[in-house]
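S.K.: One predicted model, sequence on top.
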Amino acid sequence: MPVGRFAPSPTGRLHVGNLRTALVAWLAARADDSRFLLRFEDLDAAAVLAEHYRSQADDLAAIGIDWDEPVLHQSERLELYRHAIDRLVEADLVYPCFCSRREIREAARAPNRAHAGHRYPGTCRDLSTAQRAERSATRDPALRVRTGGAVRGFEDLVAGPMAFEVDDFVVRRNDGTPAYHLVVVVDDAAQGIELVVRADDLLESTSRHLLLYELLELTAPAHAHVPLVLAPDGDRLAKRHGAVTLADRVAAGESPGEVVAFLAASLGLVDIEPSAAGRVVPVVDLAALVSALDLGALPREPLILPAHYLAGQRTNSDSE
């Protein structure tokens, strides 16, 4: 299998959904003795917590995931991102956007844009030079790619054939920070990543990234999007949902190996019922999972955590 990676943001402890995605990425890379890289997406200085560089690396190691080469930190690569942005500016592929998030939300809710959702409505795309100068006097702009409504399709190794229209997305925020869509493309290309495994909430963003690969004349990787792990109430995982991190599960009496077994079962890699509380869950040999992985056979629906996660209970009968 191709070179892979896992790229968390060190803003908190990894939850079981993060660990599940990391496990798939690691198995895919190790299936053919390929390299597996760890990269911290730490450009949002206000949200990054220093202790979670270590906590996230420790949690990955605790469930048996290792990585090659030194760990990469995006915060140390700003010059590389600025160079890519300069290329887009010089080619006249981006334009300044002065819209706040609130203004974009309000524009999307306008009667004539009832189905716009979260897509950028193009408010600043065709501003005149004078209008841009006037707005620059009171607000620093972000930079958006002018896409012209391009559509990019791809064959996702989990979800199958996909295609999305690409809206005008941000590559530099109004505080000057390079935006996620740009840095993930630049980093994956620079590191020689050949297979991107990540959660399927980023499925639509892949079309944006494919367009950026083209504009920057970079080679695009293959993609595999793993369905999310959701809380028992169907929402995205959060601290309020109970024992959802590895540390939480260990505190509840589980071993890291039992957590791996739960995750492997939820992916269909071992024949263990992953959702029944009160069952003994055998420890799974991680090496044995490598040959069992078939990206095309992974579940395509979200995993709903069992209710005992809310109470921080143990998954097997030794919990009492």
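M.R.: Sure thing, it's come through.
S.K.: In this structure Pro178 contacts Ile85, no?
M.R.: Yes. Using Cβ atoms under 8 Å, Pro178 makes contact with Ile85 at a distance of 6.5 Å. Every C-beta, even on glycine, is put in place using the N, C-alpha and C of the backbone.
S.K.: between the two, which one's more packed in?
M.R.: Between Pro178 and Ile85, counted using other Cβ atoms under 10 Å, Pro178 has the larger neighbour count: 22 against 19.
S.K.: residues contacting that one?
M.R.: Counting by Cβ atoms under 8 Å, 6 or more residues apart in numbering, Pro178 touches 43, 78, 81-82, 84-85, 171-172.
S.K.: show me where the stretch 151-300 of the chain has strands.
M.R.: Assigned by DSSP state E, counting those that start in this stretch, the strands in the stretch 151-300 of the chain fall at 151-156, 160-165, 170-172, 195-199, 222-226, 229-230.
S.K.: Mind putting these into JSON lines with distance to Val71 and mean pLDDT?
M.R.: Converted to JSON lines, those look like this (distance: least, Cβ to Cβ, whole Å; pLDDT from 0 to 100):
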{"stretch": "strand 151-156", "distance to Val71": "27", "mean pLDDT": "98"}
{"stretch": "strand 160-165", "distance to Val71": "30", "mean pLDDT": "97"}
{"stretch": "strand 170-172", "distance to Val71": "25", "mean pLDDT": "98"}
{"stretch": "strand 195-199", "distance to Val71": "18", "mean pLDDT": "97"}
{"stretch": "strand 222-226", "distance to Val71": "22", "mean pLDDT": "98"}
{"stretch": "strand 229-230", "distance to Val71": "24", "mean pLDDT": "92"}
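S.K.: export the ones you listed to JSON lines and tack on mean neighbour count and distance to Asp58?
M.R.: Below are these laid out as JSON lines (neighbours: other Cβ atoms under 10 Å; distance: least, Cβ to Cβ, whole Å):
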{"stretch": "strand 151-156", "mean neighbour count": "15", "distance to Asp58": "31"}
{"stretch": "strand 160-165", "mean neighbour count": "12", "distance to Asp58": "35"}
{"stretch": "strand 170-172", "mean neighbour count": "23", "distance to Asp58": "33"}
{"stretch": "strand 195-199", "mean neighbour count": "22", "distance to Asp58": "21"}
{"stretch": "strand 222-226", "mean neighbour count": "22", "distance to Asp58": "22"}
{"stretch": "strand 229-230", "mean neighbour count": "20", "distance to Asp58": "20"}
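S.K.: of all the ones you listed, which lies closest to Ile65?
M.R.: Ile65 lies closest, by Cβ to Cβ, to one member of the strands of the stretch 151-300 of the chain: strand 195-199, at 12.2 Å.
S.K.: That closest one: partners in the sheet, and parallel or antiparallel?
M.R.: Using DSSP bridges, the strands paired with strand 195-199 in its sheet are strand 222-226 (parallel).
S.K.: If I take the strand it pairs with and strand 160-165, what angle do their directions form?
M.R.: 100 degrees (axes from the mean of the first three to the mean of the last three Cα atoms, to 10 degrees).
S.K.: Thank you kindly, that will do.
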